[in-house]
Structures are given as C-alpha cells and as structure tokens.
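Student: 3D model of this:
(chains A and B)
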Amino acid sequence: MLMQVTDSNSVLVFDPRGIVESANTPIAARPKKLDGLRLAILDNSKWNADKILRTSTAALEKSVMFAKVNYYVKHSFSKDAASELIAEIAANNDLVLTAIGDCGSCCSCCIRDSVALEKLGIPAAAIITTEFERETELTRTAIGMQGLIPIVIDHPVSSITQVEVESRAAQVALQAPKVWLGQ
Amino acid sequence: MTIWAYGELRVEKSRTENMTLEALEQVGTSAAVESVPSSTDLIELYYERGWSDGLPVVPPTQDKIDAVVAALGGDPQFVECKVAPRWGALTREVLAINMVMAGCRPEYAPIVRAAMLALTDRAFNLNGVQATTHVASPLIIVNGPIAAEVGMNGGPNAFGSGNRANATIGRAVRLIMLNVGGGWPPDFDKSTLGHPGKYTYCVAENELDSPFAPYHVEHGYSPSDSTVFAIAAEAPHSVTDHQCNDPEGILDTMCSAMSTIASNSAVLGGHCTVVLGLEHAKTVAKAGWTRSDICHYLWMNSGNAFRAISRDHRYGEVYNRNLPKWLKRDPDSRIPIVPSADNIHLFIMGGHAGRFSAFIPGWGHMSTPVLKPINPAAGPADDGCSDGVCAL
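Tutor: Numbering: from 1, shown residues only, chains lettered A, B, ... in the order given. Predicted structure coming up:
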C-alpha cells in the first residue's frame, strides 16, 4: 500500500506499467572453428522457412565441413518450440540455425527458442528479416539475453522467388559463421 | 537479479522534461508514484507518458485504486500474473490502476482479473497474439450471473458502443496488454492493420433471451457460475439472412461467411467464434436443433477445396504444413475451416429484431481459447447433469 500523502498543492501520478524482473544471461561459449561440428536446423514451419534453411545450409556447406546436419521442424511458427524439442536439439548438436522470423510472433519465438538453446550452451543463429530488428532487440532485452545476435536478411520472405531465396541464403551464409563464432 | 522498473522497454523518451516531477521513494511497493502540482492537466500528463490507448484515461486516485484492490481481495502487491511480451508483473495494485484509467467500476474487478488469467494461460500464447502481424485481438465473452450484475450487454448492439461495463472491461484488458505487457505498436505489436477491437473487445452472451443453454454450461459449468472466455479473434463479420426459415438455410448462410480462403482460420486452422443473433437462433431452436447439432453442421458444410487454398499450385507445389496431417491434399479435398466441430465456439447474442448473425475468424492453431471461472471456487458442475441443460 502506498503511504505517500500529498498536500493541497499536489496530486499523485500512478505508473500503470508494473515492474519487469530479468537477469541478463550471457550467450553460450563460442567454438574456435566450425568444421567438425554438428549443425541443427530448426524450421519453424513458416512459409518458405524450409527453402531458406535448405538453401542456406547448402551455401554454408561450401565453406564449412559440418560433422552432421540434423533437421528439426516445430509445429507452430508463432509458439515457442516444445521444451522436449529444445532439449533434443541441445543434446545432439553443437550449433543451431533457425528460421524464419519474418512476422511479429514468429520473430519473437525464433528469438525465444534461440535464447533457450543458448542457455543450454548451444550457439544459436536466428534468421529474422529487416522489418523485425527492433522487435528482436526488445525481445532479447525483455527475456534477458542482450548479447544474442540475429542473422538479418531482407524482408519479405514468404512470397519470394527461388532466385530471391538464393540471395537471402547468401546473406545467411555470410552472417551465420560470425554469429556462431562470436565475431 | 536486475530489476528494471517501469518502462525501460518503451521507445519514446518521457516528454515531461519541462514539468517538475518529484520521484517519490518506494518502500515495499511496486507502483511508481510521483507528485505533481495540482494544477497539472493529468489527462495530458498520462498522454505524455505514453500510458494511454489513444483515448483520454481517467487519472487514478488512491481512493479509487484502493476500492478496486479491495474488490480483488486486498494485498495490493500480490502478483496475479506476468504479461507478455514485456513480462511486466501485474500486481493487484497495477491491475487496479489500469482499471481506473479505463473507467471501470470496482465491481468489474473479478472479470478483468479472470480475463487476464485467461490471456496469460500458457495455452493462449499471449506472447504471439501481442506480437503477430495478423489483426487478431483477444475477444472476451462473459457468461453467468455476474454479467447481469454489473450491467453488461449481450443484447442489442452487443459489440457496439453504449455500455460502460462492456466498454471499460475490454479497455482495461487492452490497457494492461499495452502498459504491463508492452504490446505497443509498432515495436512489440507488429500488426499490419489491427482492428477496432484493439481498443475494447468484450461482450456477454444473451443468456436471458437465448433458446439454448449458455456457452459455459455447455462446457460443464453450472448456470450459477460465471466465466470468461478468451479467444484471439478478428472483428465480427456480419452474416445476413432474411430469407431462410429453417436451420439448414440459416446455417448454410453462415457456412458461406466461414468458407473464405482469406482468413487465418482457413489456412492455419485453430478456433473460431460463431455468434447467432436471436431471430436466427430461435428459428434453429424451434426445429429442435441443439448447440452440438449447429456446430457439427457448420463444421461439415463449411471449408474450402484444397485446390483453392493451394491456388492450384500456381506459385509452386503447396502442402501447407500448418494444416493437420490427417487432411487429404487432393485438389478436391475439403479443408474444413477448423479441425473439429468443437473448435467452433457458439454464442447467442443480440437484440430481438433483425435476422443477423456474425462469424468471427480466429488467429490460427497458434492460440487455444481459454475458459476461466470468475469465481475461483467455481468449477465444472458436479450436479449429476450430464449435458448441462438439465441445470437450467
């Protein structure tokens, strides 16, 4: 209960926002090199997410020798991945690439999935589009991992041609190694 | 543990630099309070702080806040829930502040609290609903005696203006989503268009005039219980039928409204809401149809051919992973609007005159509607009534 009192010359202003409590957790430790590591692809089932991820993986494999690439699909792009799926990915992989954050709820959940994986020690690169950089910044702050860096590709994604998919994949191939290596 | 007090995630800087504000010391309380000269235009000040939905708010006073907190059971620092995506703590005091700002009376407090508990139920996925580019907003529908006790409207113009309880309960929910949840456009709320229900979207079922058992009774509660139903929803789409005088005809018209490929429901499944106006409902009931008959008929006779949803594969081979695996994807396969008749939520509303109903598409499978008792002691009825109807 508030105990402040005002005199006749003043009135009180009440803040309607409520407090936010959050601990800022650091991102996972980064590997020295990518060759020989197991890569998890987490497809959020959004339109064209599979095309972006498969094309990006092919582009990455031109320069990185992954020990294995494991493909996972989560049921809903607008919901967090199930904790069982996050645990399975973390147990069997060294790196994660997830997509696509090209809408408000899917971007939020890609970031939230990435934070969950980073907390389990797995460097995670979430692919978002340019329209959702600000939302990513706010989301990672709200859930307490300000050091999380996304991969940012051009918007849009859901209605693009294969040529445009390849262009986006080239952006991913350029940025993903930096995110995983912490460069 | 880092504690970010108040609005660290808001974009705008405070526009009150030229105003003398004295930050008061906080002792064991979570509500930031400042003292300003009594000559201050408080409505403008709340605007300047960015704490409004765009409409003027009622400046809270300690007495009004205390009255709401008392209606919630006291203990102002009790945290009812945390509100995504900002994850602000909704204490009873903060809930009360937002309710007063919305124009609520204290007796609305249990309804607003139940609505927020429904929205923050994990199944509802408020984080996604707040962030989505879709138009969806939570629709709150109240059942049971409390709706009449606080004067809610489920009758004429139920979704429209003119009723304080409907208007301010829905507005309080939205203010909490904005202020505590941080769902401010264009940062955390990424909706491309939004819809007018993002100001307020709260109604009651017209139980008094309905020929059917109320929604919450159909779902196992007693008529003496009160509940809130929350669903992520588009705005109501009017369904006009002045010709048909039998269930099949009226419901075929509803099926026509449901069977568009343009809604999220059509391509993402999930849940939807059907509102039958009184004239339509009475015609259907007169023929002996039950709520279950209505929902099953609508489910069986609405939907689209997969050829339409896939655009006949004009833009590449389409499977649509967001629809259930058990649906066939042949060109002429029927894709129902929602996966089950149970995912059609039926309410009876409106005035006595007018052969109008409404279809309200949902957001998709990403959010599951939640039905919460307003009186925490209430629960599924255990009165030997197997279908709820005998309890009426």
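Student: name the SS class of residue B:367, please.
Tutor: Here residue B:367 is recorded as coil under DSSP: H, G, I helix; E, B strand; the rest coil.
Student: surely it and residue B:270 touch.
Tutor: Yes: taking C-beta atoms under 8 Å as the contact criterion, residue B:367 and residue B:270 are neighbours in contact, 6.8 Å apart. (C-beta placed from N, C-alpha, C; glycine too.)
Student: neighbour count: those two, which is higher?
Tutor: Neighbours were counted for residue B:367 and for residue B:270 using other C-beta atoms under 10 Å in any protein chain shown; residue B:367 has more, 28 against 23.
Student: just list the residues touching that one, thanks.
Tutor: Under the criterion of C-beta atoms under 8 Å, 6 or more residues apart in numbering or on different chains, the neighbours of residue B:367 are A:78, B:123-125, B:128-129, B:136, B:231-232, B:270-271.
Student: what count of nearby residues applies to the nearest residue to residue B:299 once chain neighbours are set aside?
Tutor: Closest residue to residue B:299 in three dimensions, ignoring its sequence neighbours and counting by C-beta to C-beta, 6 or more residues apart in numbering or on different chains: residue B:341, at 3.9 Å. Counted by other C-beta under 10 Å, the residues lying close to residue B:341 total 17.
Student: surely residue B:341 meets residue B:298?
Tutor: Yes: with contact defined as C-beta under 8 Å, residue B:341 and residue B:298 form a contacting pair (7.3 Å).
Student: tell me what the helix or strand where residue B:96 lies is packed against?
Tutor: Taking DSSP states H and E as the definition, residue B:96 sits inside helix B:92-102. Where contact means 3 or more C-beta pairs under 8 Å, 6 or more residues apart in numbering or on different chains; DSSP states H and E, helix B:92-102 is packed against helix B:62-71, helix B:109-119, helix B:164-179.
Student: strands of the stretch 101-250 of chain B, start to end?
Tutor: Taking DSSP state E, counting those that start in this stretch as the criterion, the stretch 101-250 of chain B carries its strands at B:137-143, B:202-204, B:227-233, B:237-240.
Student: is it possible to export the contacts of residue B:367 to JSON lines including distance to residue B:85?
Tutor: Written out in JSON lines, the entries for those read as follows (distance: C-beta to C-beta, whole Å):
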{"residue": "A:78", "distance to residue B:85": "12"}
{"residue": "B:123", "distance to residue B:85": "17"}
{"residue": "B:124", "distance to residue B:85": "13"}
{"residue": "B:125", "distance to residue B:85": "11"}
{"residue": "B:128", "distance to residue B:85": "9"}
{"residue": "B:129", "distance to residue B:85": "10"}
{"residue": "B:136", "distance to residue B:85": "15"}
{"residue": "B:231", "distance to residue B:85": "19"}
{"residue": "B:232", "distance to residue B:85": "15"}
{"residue": "B:270", "distance to residue B:85": "20"}
{"residue": "B:271", "distance to residue B:85": "22"}
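Student: go through those and name the one nearest residue B:326.
Tutor: Compare each of those with residue B:326 using C-beta to C-beta and the shortest gap goes to residue B:270, at 15.6 Å.
Student: which residues does residue B:108 contact?
Tutor: Neighbour list for residue B:108: B:99, B:150, B:165, B:168-169, B:172 [criterion: C-beta under 8 Å, 6+ apart].
Student: how deep is residue A:175 tucked in, by neighbour count?
Tutor: Other residues near residue A:175 number 18, with proximity taken as other C-beta under 10 Å.
Student: pLDDT value on it, please?
Tutor: What the model reports as pLDDT for residue A:175 is 98.
Student: residue contacts, residue B:361?
Tutor: Shown in contact with residue B:361 (C-beta under 8 Å, 6+ apart): B:233-234, B:237, B:258, B:263-266, B:272, B:337.
Student: let me redo that: residue A:100
Tutor: For residue A:100, the contacting residues are A:44, A:46, A:48-49, A:52-53, A:77, A:106, A:110, A:127-129, A:157, by C-beta under 8 Å, 6+ apart.
Student: leaving out the residues flanking it, which one is nearest to residue B:176?
Tutor: With sequence-adjacent residues excluded and distances taken as C-beta to C-beta, 6+ apart, residue B:176 is closest to residue B:98, at 4.9 Å.
Student: does that neighbour touch residue B:180 like I think?
Tutor: Yes: the pair formed by residue B:98 and residue B:180 meets the contact definition of C-beta under 8 Å, at 7.2 Å.
Student: any residues in contact with both of the two?
Tutor: Both residue B:98 and residue B:180 are in contact with residue A:16, where contact means C-beta under 8 Å, 6+ apart.
Student: higher neighbour count, these two?
Tutor: Neighbour comparison, residue B:98 and residue B:180: the larger count goes to residue B:98, with 31 against 28 (by other C-beta under 10 Å).
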